[in-house]
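**Student:** Provide a 3D model corresponding to the input given below.
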Amino acid sequence: MAENAEIFYKRQKAFLNIFSLWPSESGYRRTLHQVNCIQGIGFWVLLFDLLVILYILGNLNRMSEVVKAFFVLATSLGVTIKLISIKWYNVELDRLFARLDDEEFRPQGPKERSIFAAACESSRWQRDGYMYISLAALGVILIPQLIFEWSYLPLPLYSPFGEDPRTAGYWIMYTYQFIGETISCLTNIGFDPLCSSLFIFIKCQLDFVAERFKKLDRESEDDGLIGEELRKCIRQHMAVVDLTAEVEKLLTKTISLQVFCTVLVLTANFYGIAVLSNEKMVLFKFIVYQAAMLAQIFIMCYYAGEVTQRSSELPHELYKTQWVNWSRPNRRILLLFMQRLQSNLRIRTINPSLGFDLMFFSSVGYNINCTHYFLAL
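**Tutor:** Numbers count the residues shown, from 1 in each chain. As a prediction, this is how the structure comes out:
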């Protein structure tokens with residue numbers, strides 16, 4: 001496998017470039033780029049949000065319709081936040097992607113190449129798996145509607161053309177909803193695996209640091225070489241710390257808001273499953289969509305938690321070396337490094353006291369259940 005980092009971001013970046021979110025060349029192409037971005041986000045995303053809000057306001061006396069529309073609105077708001085965030089930080093994200101291929105992050109030796117190949121495979125697996133789940137949820141929402149209930153619009157959006165399938169305005173609205181929901185799905189397929197792939201890359205770099213600790217034992221008879229290798233390990237770890245801080249700065253707010261929107265979707269879905277349990281098709285849609293939303297939170301929390309877990313193991317990996325035979329200056333450096341390693345890397349939420357991990361994922365599930373019970377009462 002090639003030792004470049006494109007697999008961690010290239011395909012995800014292509015999905016997100018539907019709306020020309022990334023920097024473009026100068027000249028007329030840049031103008032077309034900006035026009036596509038403005039019309040795309042304005043017409044396909046912001047207008048979509050507005051139509052859902054108008055539908056909810058027009059059906060406040062019908063709770064079942066509000067529930068159907070609410071999970072669409074929360075999903076759409078999450079997509080809106082992602083697109084605006086990426087457009088805002090597009091230059092910084094491009095620099096981040098370019099930095100992943102820096103020499104300091106490349107594998108050295110067969111063992112590190114094996115670790116890197118495993119990380120690439122994990123990134124590919126979670127990206128493709130999430131894509132299949134998301135496309136399945138999209139298909140369950142749109143395809144049965146098109147085949148069996150084509151006389152009804154697929155999504156609960158306000159329709160300025162009415163809901164008579166014999167009119168051209170109805171099919172214009174039908175096409176708009178179909179394309180709009182597909183765009184939302186593709187945005188999620190691009191953004192969510194991108195975040196988790198970056199977490200996988202960071203964890204891979206921590207594995208490199210742990211592997212390079214073993215080189216210290218192979219140089220245990222030469223204090224000069226031990227000191228040099230130890231300093232290389234420190235520089236490598238600091239580069240990973242800096243990379244983690246940069247990823248956190250660019251993505252943590254967006255991920256936190258996305259989790260909030262996903263919790264709203266899950267809560268509305270649980271309530272909808274309870275209220276609309278007699279409508280078989282609607283119930284099936286809710287269940288499949290629920291699985292996609294849970295996967296959305298899980299992949300980010302799981303791989304972010306892997307970063308924290310691997311970071312917490314580094315002091316133990318360093319302690320396994322034959323440090324008792326080192327010179328006093330090298331042992332002093334080792335002690336200072338050990339103290340630095342006690343501060344674990346964490347991908348933090350908007351609330352700095354919380355980090356994305358499996359405990360955070362389980363707490364989200366607990367809060368959803370509590371909210372659902374409250375609504376059921």
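**Student:** most centrally placed residue in the protein?
**Tutor:** By CA atoms, centre = their mean, the chain has its centre lying nearest to residue 192, at 2.6 Å.
**Student:** need the contact list for it.
**Tutor:** Residue 192 is in contact with 130, 258, 296, 299, 300, counting by CB atoms under 8 Å, 6 or more residues apart in numbering. Bear in mind the C-beta positions are built from the backbone N, C-alpha and C, glycine included.
**Student:** With residue 268 instead?
**Tutor:** Residue 268 neighbours (CB under 8 Å, 6+ apart): 67, 70, 71, 74.
**Student:** Buried only: go through the residues you listed for me.
**Tutor:** Burial by neighbour count, 16 or more other CB atoms under 10 Å: within the contacts of residue 268 this picks out 67, 70, 71, 74.
**Student:** and the residue lying closest to residue 105 once chain neighbours are set aside, what pLDDT?
**Tutor:** Of all residues not flanking residue 105 in the chain, residue 205 sits nearest, at 6.0 Å (CB to CB, 6 or more residues apart in numbering). Residue 205 carries a pLDDT value of 94.
**Student:** In what element of secondary structure is residue 205 found?
**Tutor:** Taking DSSP states H and E as the definition, one finds residue 205 inside helix 168-218.
**Student:** Keep only those of the contacts of residue 192 that are in strands.
**Tutor:** When the contacts of residue 192 are checked against strands using DSSP state E, none is located there.
**Student:** Can you pull out the low-pLDDT segments for the stretch 201-350 of the chain?
**Tutor:** 218-221, 271-282 (pLDDT under 70).
**Student:** Going by residue numbers, what spans are strands in this structure?
**Tutor:** Under DSSP E, the chain gives no strands.
**Student:** got the contact list for residue 13?
**Tutor:** Contacts of residue 13 (CB under 8 Å, 6+ apart): 22, 97, 190, 194.
**Student:** just to revisit the earlier point, can you check the pLDDT for the residue nearest to the centre of the chain?
**Tutor:** At residue 192, the pLDDT recorded in the model is 91.
**Student:** Ok, residue 2 next?
**Tutor:** Residue 2 is given a pLDDT of 50.
**Student:** so the longest helix belonging to the chain versus helix 168-218, what angle?
**Tutor:** Longest helix of the chain, by residue count under DSSP state H: helix 223-275. Helix 223-275 runs at 150 degrees relative to helix 168-218, counting by axes from the mean of the first three to the mean of the last three CA atoms, to 10 degrees.
**Student:** show me the contacts for residue 24.
**Tutor:** Counting by CB under 8 Å, 6+ apart, residue 24 touches 30, 33, 34.
**Student:** re the thing from before, which members of the contacts of residue 13 are the farthest-apart pair?
**Tutor:** Across the contacts of residue 13, the longest distance by CB to CB is 13.2 Å; it joins 97 and 190.
**Student:** For stretch 122-139, which outside residues touch it?
**Tutor:** For stretch 122-139, using CB under 8 Å, 6+ apart, the contacting residues are 7-8, 11-12, 181-182, 185, 188-189, 192-193, 196-197, 200-201, 288-289, 291-292, 295-296, 299, 303.
**Student:** out of the contacts of residue 13, who's nearest residue 363?
**Tutor:** Using CB to CB, those come closest to residue 363 at residue 194, 24.1 Å.
**Student:** residues near the closest one, how many?
**Tutor:** 24 (other CB atoms under 10 Å).
**Student:** Repeat that for residue 241.
**Tutor:** Residue 241 is flanked by 16 other residues according to other CB under 10 Å.
**Student:** Can you read off the pLDDT for the residue nearest to residue 292 when sequence neighbours are not counted?
**Tutor:** Using CB to CB, 6+ apart and skipping residues adjacent in sequence, the residue nearest residue 292 is residue 137, 3.9 Å away. Note for residue 137: predicted pLDDT of 86.
**Student:** what's the neighbour count on residue 137?
**Tutor:** Residue 137 - counted by other CB under 10 Å - has 21 other residues nearby.
**Student:** Equivalent analysis for residue 337, please.
**Tutor:** 17.
**Student:** cool, residue 222 as well?
**Tutor:** The burial count for residue 222: 11, using other CB under 10 Å.
**Student:** And the helices in this protein?
**Tutor:** Going by DSSP H, the chain shows helices at 10-16, 28-39, 47-58, 63-88, 90-99, 110-148, 168-218, 223-275, 280-319, 328-341, 358-376.
**Student:** Alright, that wraps it up for me.
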